[in-house]
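> Okay, predicted coordinates and the sequence, questions at the end:
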Amino acid sequence: PYSVKRAVENTAVPLKDMCPFGQGNGLLNIEGVFEHMVKNHENIERDVRFAVTCGGGSAKGIHLRGKGAEKCQEIPVKVEPLFLDQDNRSAKDKQEFNLQFVLTCSASWVSHPTHLDLMYLNRHFLVSVDPTGLAPGAHSAYITAHDATNPARGKLFEVPINVIRTEKLSMVPRPRVEHRETFQPGTIRRHFLEVPSGATWATFSAANMSKDVPGKFVLHTVQLLPKLVVRTLEHHKMFSLAENGEWQHSIPVRGGPGMVVEFCVSKWWANIGTVDCQYSVTFHGVRPSNNNMVMHGGEGIYRLDLDSENHTEEGQPEIKLKTSVQVVRPTEGKVVSLGGGTRDILPVGRHMYELQLQYSFSLPKTAETILNLGMLSDVLYESEMESQLWMLYDSNKRLLGSGDAYPSKWSIKLEKGDYTVRASVRHEKRELVDKFTDTPLMVSSKLSSPISLDLYSSHPQAQVGGKKISTVSISPGRCTAVYIAPLSTDKHSKGATLGQFLQGTATFAKDEAGKKADVYSFKYILPEGGKKKDKGGKDKDKKKEDGAAYEEAIRDCKIGWLAKLGYMTKEGQDLYTELCAAGGNLTSVQSARLNNIMTVPEVERDWAAVLEQADRVILSVDQAQLLAWLGMKSDARENAVEVKKEMDKAKLQLVEALTAKGEAMLEKGEQDKEKLLGLYTDIVKYTDQTDVKVFGFMWKLFRQQGLPAKALKLSVKQLEDKQTKDNEKVVLESLQALGWDHIVRFIELGKPARYPGEYQPF
């Protein structure tokens, strides 16, 4: 394989009119490749790869950029020969290996040794690069190594050298650079600019100076950041310029000494015609004192300082929270060995361990959701782990989606409900995967509408909620303070879990282009939600005696146990008798007894007992009083909160009793239409017919009254709200009653996909 690559490189034909950075070694020459391999198939270097590293690290070439391209440097280069399958190569071949190289380079600004004698061990030599006299732009050179005894073999290895020299910026009135070029189809112009300290976004402006020729262009910008992938600050945009037309686009940049951004402008290769184009790049900057802004709702007012180092900028600070993020810990996790004889092990004897994690979370409403395993995100091939994968399931174990290292690519729209996430992490060392057993999962749900935080120009105004900040003038050498007030409502803190926070964006530029380009992440950690105030009053004269409170607590506990004990058991019957004999308000007692009877599976349920008990609950509720309270517009009484609590409880118990009575009547074969419709009328006084609490009675009533289509409509809505086997069974019964057997068959055949027995394997 090494000889094939070497033959391709040595026989390729360079293209004069093509970009040297885009064509590599040139046009592929198949016949030349074959001839080169035939001539050199017996040479000693056929099975040898020459590993070249530069600068004392793992760099495969010399790349000078920013401050490094402004002075002469000496860079050490290491060359090491490596045989194909060197572990099984004979010692004699390694001992006899020896090549003498001639090193050449056409660039006058590169100095290097002329010869290198290489045995089967690594050798070092120094390369001196003097870029001080080079013009702005990209410069490339290669140090090529040829066999001194037979240079016709072509280069055996090379050391690539790239030097990036930046253009000088005009600093008045703003840091900018301007060019005017004539573009043919495929013409490329590259400009390397040093980003001024304090700059946070750059605006590219283009104007078509041709009066009768439109043009189609491509703008590609790149700024390299240490230890980050190239796409972090990479942007690609295609645009068109009409006759005498203009176009603008802004991108984020990072300013500072040695920070270089590349602007590459090209005319689309298929766009015929010559266009005279004038374009410029202007730098702007409004820099916050902290790029990663995290505010805790309990710390009060948060201060942020803004500055601009190069020019006075107009600012309009805005902070919008767009997602709610809950942090979920794994409910279970286990490590399994993947080499148990059921799968191939490559190479032989290499075992792999897999950590399987399971998470559970709930969504209170439908939202676009992103799942993020923070410890494993944003790295794929650079990750220390062998692989990572998560799979999302609903409550029926149905797979909804999956994703890996880049969370933003795997956004899923989820309905309200419960979900399970299973994650897989693999590595050949068990002790390493064990460290990830408590890895948290972040579940980001998009809010229905963004939340804007209030910003003020002074601390006193933020304290009293006074005049909010609108626009500010940010001048060089002087910080402008912005004060952020915490949220004034506990709406999002209610039910918040430990570590939950709101996440959004912060922008500080007034310019619309700057708002889109210069965007910062903002996190708002939710404090504990406020506790409800007891508006019923806690005065000493109204406070219950300790003895009465004790008796009430004991009674509530007994009522709770009444709903759990079997209604046919001796303990349940004795407890029911005891509570009835104690007197007082018996609605809760009768309702608990009814719930106890209804817990029996439907096929075994005693419907006569249900009917009898439901009547007792209905008789114990004062419906006239309940309806009167429901008809009130507002309750101004002192104990309005306590009354509302009691009435809501009575309403719920009454609706459950009416529903249970209706089901019992239908199951016992009641045919009196007036009785059934009268019960239906009583139920809709208190709740809607689509309420899940009355669904069991409603669909049976419609079916009994010969209204299967209405029963189907109701059951389909319930199935959409909560997809379960029981709800689907009701839908099937309604479809069968309508004679729609083709739909019944379709739904039956799809059951294995909708209700899998197990989770899918990784």
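Sure thing, it's come through. Just so we're clear, the structure is a prediction, and the values are computed from it rather than from any experiment. Numbering: from 1, shown residues only.

> Poorly predicted segments of the stretch 401-550 of the chain, please.
Residue ranges of the stretch 401-550 of the chain with pLDDT under 70: 495, 530-546.

> Where does pLDDT dip in the stretch 201-350 of the chain?
If you take pLDDT under 70 as the line, the stretch 201-350 of the chain has these spans: 339-349.

> swap the cut-off to 80 and go again
339-350 (pLDDT under 80).

> So which residues of it form strands?
Taking DSSP state E, counting those that start in this stretch as the test, the strands found in the stretch 201-350 of the chain are 201-208, 215-223, 234-241, 246-252, 260-267, 275-284, 287-288, 293-296, 302-307, 313-328, 332-337.

> In this structure Tyr759 contacts Asp394, no?
No: Tyr759 is beyond contact range of Asp394, at 11.2 Å (criterion: C-beta atoms under 8 Å). (Glycine included, C-beta is placed from N, CA and C.)

> Next, show the common contact partners of the two.
Listed as contacting both Tyr759 and Asp394 by C-beta atoms under 8 Å, 6 or more residues apart in numbering are Thr420.

> Direction included, what does the one helix or strand Glu74 maps to pair against?
Assigned by DSSP states H and E, Glu74 belongs to strand 73-83. Strand pairing for strand 73-83, using DSSP bridges, gives strand 48-54 (antiparallel), strand 123-129 (antiparallel).

> Report the mean confidence score over it.
Strand 73-83 shows a mean pLDDT of 94 in the predicted model.

> So which residues make contact with it?
47-56, 62, 64, 89, 93-94, 97, 99, 116, 118, 120-129, 143, 145, 157, 159.

> Now do the buried residues in it.
By neighbour count on 16 or more other C-beta atoms under 10 Å, the buried set for strand 73-83 is 75, 77, 79, 81, 83.

> so where's the stretch 601-750 of the chain uncertain?
The model of the stretch 601-750 of the chain has pLDDT under 80 over residues 635-636.

> Which residue ranges of it form helices?
Per DSSP state H, counting those that start in this stretch, the stretch 601-750 of the chain carries helices over the ranges 607-620, 623-630, 640-667, 673-684, 695-704, 708-721, 725-738, 741-749.

> so can I have JSON lines of those showing mean neighbour count and distance to Trp109?
As requested, these are exported to JSON lines (neighbours: other C-beta atoms under 10 Å; distance: least, C-beta to C-beta, whole Å):
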{"stretch": "helix 607-620", "mean neighbour count": "18", "distance to Trp109": "96"}
{"stretch": "helix 623-630", "mean neighbour count": "13", "distance to Trp109": "90"}
{"stretch": "helix 640-667", "mean neighbour count": "19", "distance to Trp109": "84"}
{"stretch": "helix 673-684", "mean neighbour count": "14", "distance to Trp109": "90"}
{"stretch": "helix 695-704", "mean neighbour count": "21", "distance to Trp109": "82"}
{"stretch": "helix 708-721", "mean neighbour count": "18", "distance to Trp109": "71"}
{"stretch": "helix 725-738", "mean neighbour count": "17", "distance to Trp109": "76"}
{"stretch": "helix 741-749", "mean neighbour count": "12", "distance to Trp109": "74"}
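
> Ala513 is nearest to which of the ones you listed?
Closest to Ala513 of the helices of the stretch 601-750 of the chain is helix 708-721 (C-beta to C-beta; 43.6 Å).

> what's the following helix or strand after the helix or strand harbouring Leu103?
Using DSSP H and E, Leu103 sits within strand 98-104. As assigned by DSSP H and E, the chain's next helix or strand after strand 98-104 is strand 110-111.

> if we can go back for a sec, using JSON lines, lay out the buried residues of strand 73-83 together with distance to Leu586.
JSON lines is the format used below for the buried residues of strand 73-83 (distance: C-beta to C-beta, whole Å):
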{"residue": "Ile75", "distance to Leu586": "92"}
{"residue": "Val77", "distance to Leu586": "94"}
{"residue": "Val79", "distance to Leu586": "95"}
{"residue": "Pro81", "distance to Leu586": "95"}
{"residue": "Phe83", "distance to Leu586": "92"}
